[in-house]
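A.B. asks: no FASTA, just this:
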C-alpha cells in the first residue's frame, strides 16, 4: 500500500495578508481547517512546516503536528523538503498541501495519491474545468494545457490556447479550458531534485514555479477535479470564505 505524508507550508509574512495562517474562519484558524481537511485523506501523517514560532505554537495547541523550518526558503517546495528531512521518515509520496486552502477536499488529495499507483509518476497535480470568463481571464488562476497522457505541457496566467479564429468572448464555446489547482504530490527523490534546480526563464516570466520543473524535463501528471477551491490571499478572500461557511452552515 502506498505510504504518503501531507506537509502544509505556512508562512507568517504575507504582503497582502500578514499572519494569514492564523486568521479566524468561523472559530477555527485557517491552518487548523487545512489540517482538519487533510487528516481525512489517506495520509499517514499531516505536518505543518512553518517559519514562525507563533504558527508552530498555535498548531501544537490545537493538537496538530508542526516543524520549524528556515525563514529563507524561496518557495513552499523548499519548505516541504526541509520538513520532510527533519521528520526523518521514509514515504512513497509527499503531498504539498497549500496552507491557504481551508476548503481543500480529502477526495482531492486521494485522487492525487491514486496517480502514484503508476510507478512512472514523478509529480502530480490537479486541474479543474474553467466555467466562466472571469476564471478564464484572471491572472490569479493559472491555466494549463495537457497532452494525450494527461501530463502538463505548459502553465500560464493567460488563457491557453489562444483561439485565432474566434473572438475572445466566444472562447469557452469552442474549447474546454482547464485551470490549475495548486496541490502537488511528489516522489521524495524527485522533490529533493526539484529543490536543487535554479529558477528558469519561463518561471520568471510567468511567476509559476512548476514551469521550472517542466523546463528541466520532469513530467507532471494531472487528475481532474470538479470541486471548487477558495484560496485566501486578500482581505476580500477572507470575507468570501466566511460567507461560504455561513451558506454551508459550518459556522
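C.D. replies: Thanks, I have it. The shown structure was predicted, so the numbers you read here are calculated from the model rather than taken from an experiment. Numbers count the residues shown, from 1 in each chain.
A.B. asks: which residues does the residue lying closest to residue 89 once chain neighbours are set aside contact?
C.D. replies: Spatially, and ignoring its direct neighbours in sequence, residue 89 is nearest to residue 5 (6.9 Å; C-beta to C-beta, 6 or more residues apart in numbering). All C-beta spots, glycine's among them, are computed from the backbone N, C-alpha and C. Counting by C-beta atoms under 8 Å, 6 or more residues apart in numbering, residue 5 touches 43-47, 84, 87, 89, 91, 93-95.
A.B. asks: in a markdown table: those, plus distance to residue 230.
C.D. replies: Formatted as a markdown table, the contacts of residue 5 follow (distance: C-beta to C-beta, whole Å):
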| residue | distance to residue 230 |
| --- | --- |
| 43 | 21 |
| 44 | 27 |
| 45 | 25 |
| 46 | 20 |
| 47 | 23 |
| 84 | 27 |
| 87 | 29 |
| 89 | 31 |
| 91 | 28 |
| 93 | 25 |
| 94 | 24 |
| 95 | 19 |
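A.B. asks: among the residues you listed, which are in helices?
C.D. replies: 84, 87 (DSSP state H).
A.B. asks: buried subset of the contacts of residue 5?
C.D. replies: Neighbour counting with 16 or more other C-beta atoms under 10 Å marks 43, 46-47, 84, 87, 91, 93-95 as buried within the contacts of residue 5.
A.B. asks: all helices for the protein, in order.
C.D. replies: Under DSSP H, the chain gives helices at 30-38, 53-61, 76-87, 106-114, 133-137, 171-174, 188-194, 201-206, 210-215, 235-247.
A.B. asks: out of those helices, which one sits most buried?
C.D. replies: Of all the helices of the chain, helix 30-38 has the most neighbours on average by mean count of other C-beta atoms under 10 Å, namely a mean of 22.
A.B. asks: chain center to that one: distance?
C.D. replies: Computed by C-alpha atoms, centre = their mean, to the nearest Å, the chain-centroid distance of helix 30-38 equals 13 Å.
A.B. asks: what about that helix, average pLDDT?
C.D. replies: Mean pLDDT, computed over helix 30-38, is 95.
A.B. asks: which elements pack onto that helix?
C.D. replies: Packing partners of helix 30-38 (3 or more C-beta pairs under 8 Å, 6 or more residues apart in numbering; DSSP states H and E): strand 4-10, strand 45-50, helix 53-61, helix 106-114.
A.B. asks: which strand is the longest one in this structure?
C.D. replies: Using DSSP state E, we find that the single longest strand of the chain is strand 178-186.
A.B. asks: who does that one pair up with?
C.D. replies: Using DSSP bridges, strand 178-186 pairs in its sheet with strand 93-96 (antiparallel), strand 123-129 (antiparallel), strand 143-146 (antiparallel).
A.B. asks: Serialize these to JSON lines and add fields for distance to residue 76 and mean pLDDT.
C.D. replies: Formatted as JSON lines, the strands paired with strand 178-186 follow (distance: least, C-beta to C-beta, whole Å; pLDDT from 0 to 100):
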{"stretch": "strand 93-96", "distance to residue 76": "6", "mean pLDDT": "98"}
{"stretch": "strand 123-129", "distance to residue 76": "13", "mean pLDDT": "97"}
{"stretch": "strand 143-146", "distance to residue 76": "18", "mean pLDDT": "98"}
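A.B. asks: and of those strands, who's closest to residue 106?
C.D. replies: strand 93-96 (11.3 Å; C-beta to C-beta).
A.B. asks: what's the angle between the worst-scoring helix or strand of the chain on mean pLDDT and helix 30-38?
C.D. replies: Taking mean pLDDT, DSSP states H and E as the measure, the chain has helix 235-247 as its least confident helix or strand, at a mean of 81. On the basis of axes from the mean of the first three to the mean of the last three C-alpha atoms, to 10 degrees, helix 235-247 is oriented at 50 degrees to helix 30-38.
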